[in-house]
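A.B. asks: no FASTA, just this:
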């Protein structure tokens, strides 16, 4: 949603005053759904809703030139879970599964935006850090650890960007065994 509400300013163009001054706008959005949960993805928060006559409705307040992106899910986001092995070796891959679940532990059936931050033992951002989506509440990442990656305890931190819930998991990375005689 984009607020393009304007009023006439003082600039006179070819056909008279130009609508150049942006104005705030307050309204509501509505979907034909008997229930649901709405998140403001720009603010990263839950939005209060009402349901009446089979419609899900929520208020929208936008400043001049503002926009909004909303995520509508059938169930509220309860937590973020990270599954990964406890240890790994440099020179190998590691499978990491991230799940965004409801309070019952079921994946949220939506495309949920995530921020994944992976840090090596020195605290430096590692490869595969970035923004992803959990389709139907699940994201599978394969982290390829280079032979020269720093051994030690790595941190995998995930924050889902709809409600702001986060999780952290630690991974002990050991140096690859040498096969030299």
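C.D. replies: Right, received. Where do you want to start? Given the structure is predicted, the values throughout are model-derived calculations rather than measurements.
A.B. asks: just checking, residue 152 touches residue 173?
C.D. replies: Yes. Counting by CB atoms under 8 Å, residue 152 touches residue 173, with 6.4 Å between them. In short, each C-beta sits where N, CA and C put it, glycine included.
A.B. asks: among the two, which residue is more densely surrounded?
C.D. replies: Neighbours around residue 152 and residue 173, counted as other CB atoms under 10 Å, are more numerous at residue 173. The numbers are 22 against 13.
A.B. asks: picking that back up, what sits in contact with each of residue 152 and residue 173?
C.D. replies: Any residue near both residue 152 and residue 173 by CB atoms under 8 Å, 6 or more residues apart in numbering counts here, and that gives 120-121.
A.B. asks: quick check: which element contains residue 154?
C.D. replies: Using DSSP states H and E, residue 154 sits within strand 152-160.
A.B. asks: what helices or strands is the helix or strand following that strand leaning on?
C.D. replies: On the C-terminal side of strand 152-160, the nearest following helix or strand under DSSP H and E is strand 166-174. Where contact means 3 or more CB pairs under 8 Å, 6 or more residues apart in numbering; DSSP states H and E, strand 166-174 is packed against strand 79-83, strand 87-89, strand 93-101, strand 152-160.
A.B. asks: what angle do the third one and strand 152-160 make?
C.D. replies: With axes from the mean of the first three to the mean of the last three CA atoms, to 10 degrees applied, the angle from strand 93-101 to strand 152-160 works out at 30 degrees.
A.B. asks: give the buried residues for strand 93-101.
C.D. replies: Using 16 or more other CB atoms under 10 Å as the test for burial, strand 93-101 gives 94, 96, 98-101.
A.B. asks: what pairs with the strand holding residue 154, parallel or antiparallel?
C.D. replies: Strand pairing for strand 152-160, determined by DSSP bridges: strand 111-119 (antiparallel), strand 166-174 (antiparallel).
A.B. asks: re earlier: would you mind giving the helices and strands packed on strand 166-174 as a markdown table with mean pLDDT and distance to residue 34 added?
C.D. replies: A markdown table is the format used below for these (pLDDT from 0 to 100; distance: least, CB to CB, whole Å):
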| stretch | mean pLDDT | distance to residue 34 |
| --- | --- | --- |
| strand 79-83 | 98 | 25 |
| strand 87-89 | 95 | 46 |
| strand 93-101 | 97 | 22 |
| strand 152-160 | 97 | 25 |
